[in-house]
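In: how would this look folded up:
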Amino acid sequence: MKCPCWLCFLQAPPQCHAWILSAYHRLIQELHLDFLLFQRYFRLDTSQFDELFVRVGPRIARQDTSFQKAIGASQRLVICLRYLATGDSLQTISFSYRVGTATVGRIVPEVAEAIFECLMDDFMPQPT
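Out: Residues are numbered from 1 along each chain as shown. The predicted model follows:
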């Protein structure tokens, strides 16, 4: 007899639980397959998201340490964009993406600043 799905989940190592339930690892991957839902969720279409990621990804990437695995550049961008698109509280975003509230509080301004720096010259040229 095959065990119910929730039982397998409960028997999984605890460090796997956050990954399984995270909006980033589940929902965002599915949204990439549905153009309209992706656009409604982020207020950007997939090509705009990909272009933005190419520009800011290297600036927002972090290195893993011997103590913890770094949050990837893509997930950092997703967290910031979701915050900017919805204005949800940092705590709500942290629950959705299974990262700490203080971590979201650091990610949002860092990524927003990187977006500003990367796009400033193209969209806000110096006055002449």
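In: alpha carbons only for contacts and neighbour counts from here, please
Out: Noted.
In: tell me which residues in the longest helix along the chain are buried?
Out: Taking DSSP state H as the criterion, the chain has its longest helix at helix 101-123. Buried positions in helix 101-123, judged by neighbour count with 16 or more other CA atoms under 10 Å: 101, 104-105, 107-108, 110-112, 114-115.
In: so how far is stretch 80-94 off the chain centroid?
Out: Centre-to-centre, stretch 80-94 and its host chain are 10 Å apart (CA atoms, centre = their mean, to the nearest Å).
In: flag every buried residue along that stretch.
Out: 80-83, 90, 93-94.
In: switch these over to CSV; also include distance to T128.
Out: Below are these laid out as CSV (distance: CA to CA, whole Å):
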residue, distance to T128
C80, 32
L81, 32
R82, 35
Y83, 34
L90, 39
I93, 41
S94, 43
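In: quick check: end-to-end length of stretch 54-70?
Out: Across its full length, stretch 54-70 reaches 19 Å end to end, with CA to CA, to the nearest Å as the criterion.
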